[in-house]
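Trainee: okay, predicted coordinates and the sequence, questions at the end:
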Amino acid sequence: MVGLKELQESFQRAVLTGDSKILDEISPSDREKREVLLGVYQNAYRLNLIEFLDNEYEKLGLLLGDDGYAEMVQAYIANTLPDTPNARDYGRKLPEFLREHAPFSDARILGDMADFERALNHAFDAANDQPLTLEDLASVPPEGWPDKIFAPHASVTRLDLKTNAQGIWQAFENEIAPPAINDGEEPDRVIVYRQDLRSMFRSMVYEEAMLWDELVKGVNFAGLNELSATYGGEEEAAIRVAGYLKGWIECEMLRA
């Protein structure tokens, strides 16, 4: 007699990987074959995975079309097992999958679109960190500013998109014809964040994106000023950094 734990593990393998060993433990039925009974659970499991991906990557589906999207979903499910209890996490590896597996890796727009949609969903679902406010900074003494370190809000993702995925996503969102796919010479430096409980995004100029990336690494205010001076000249470097900080705070991109 197989124990409950072994039975549960065998059933899980059957659903996840198609292992048919569990069939030996399924009682025959006058109404249906054991393979069909097991198949009900296997099909339901796959349909749930498809639903998770459908909910997270709607615009990617529009970009691929019905047949292409179905091919992509089946390939991803065949190569990727869920590894967390949260259904929203199942699709987190899709951007990487699209960049590493042919034929999807031949079109950079697919990985970019998946990255962008993933970031938008993450912004909505992320932890409710208390945003930093301008009032919070009023308590920082002048001598404390050089060593001041800022922390990104949990909802923020910075992306370097090699294609015009952002523009195509916006066209789909507005239900208008999307522009032609374009692989730009310079990346589209995009930041995705949550403001007033809404997922937001915008492009960044090089200096702003560079300073944000260094801020995330833990560079303090004095270091940000030095980087800005090196890139854009010492004149008004501090003013530029202060302007970026003010914008980030107003958009709730920093954590208190």
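Mentor: Looks like it came in fine. Since the structure is predicted, the reported quantities are computational estimates derived from the model, not experimental observations. Numbering: from 1, shown residues only.

Trainee: SS state for I191?
Mentor: strand (DSSP: H, G, I helix; E, B strand; the rest coil).

Trainee: could you do L161 as well?
Mentor: Going by three-state DSSP, the state assigned to L161 is strand.

Trainee: then S155?
Mentor: S155 carries the three-state label coil when classified by three-state DSSP.

Trainee: what are the ranges of the strands in this protein?
Mentor: Remark: strands of the chain, listed N- to C-terminal, are 151-152, 157-163, 183-195, 198-203, 254-255; assignment by DSSP state E.

Trainee: packing partners of the second one?
Mentor: With contacts taken as 3 or more Cβ pairs under 8 Å, 6 or more residues apart in numbering; DSSP states H and E, strand 157-163 sits against helix 108-125, strand 183-195, helix 206-216. Every residue, glycine included, has its C-beta placed from N, CA and C.

Trainee: cool, and the longest one?
Mentor: Packing partners of strand 183-195 (3+ Cβ pairs under 8 Å, 6+ apart): helix 108-125, strand 157-163, helix 165-173, strand 198-203, helix 206-216.

Trainee: contact partners of that strand?
Mentor: With contact meaning Cβ atoms under 8 Å, 6 or more residues apart in numbering, strand 183-195 is reached by 108-109, 116, 119-120, 122-124, 126, 153, 155-166, 199-206, 208-209, 212, 251-253.

Trainee: what of the second one?
Mentor: Residues lying outside strand 157-163 but in contact with it, judged by Cβ under 8 Å, 6+ apart, are 108-109, 112, 115-116, 118-119, 122-123, 181-184, 187-193, 204, 209, 212-213, 216.

Trainee: which of the residues in it are buried?
Mentor: Counting neighbours by 16 or more other Cβ atoms under 10 Å, one finds that the buried residues in strand 157-163 are T157, R158, L159, L161, K162, T163.

Trainee: which of those residues sits closest to P141?
Mentor: For these, the residue nearest P141 by Cβ to Cβ is R158; the value is 30.2 Å.

Trainee: who's that closest one bridged to?
Mentor: I191 (DSSP bridges).

Trainee: and the pLDDT for it?
Mentor: Taken from the predicted model, the pLDDT recorded for R158 is 98.

Trainee: now the one 5 residues further on
Mentor: At T163 the predicted local distance difference test score is 97.

Trainee: also R13?
Mentor: At R13, the pLDDT value in this model is 65.

Trainee: ok, now P82?
Mentor: The predicted structure scores P82 at 84 on the pLDDT scale.

Trainee: nearest residue to it other than its sequence neighbours?
Mentor: Nearest non-adjacent residue to P82, counting by Cβ to Cβ, 6 or more residues apart in numbering: Y90, 5.1 Å away.
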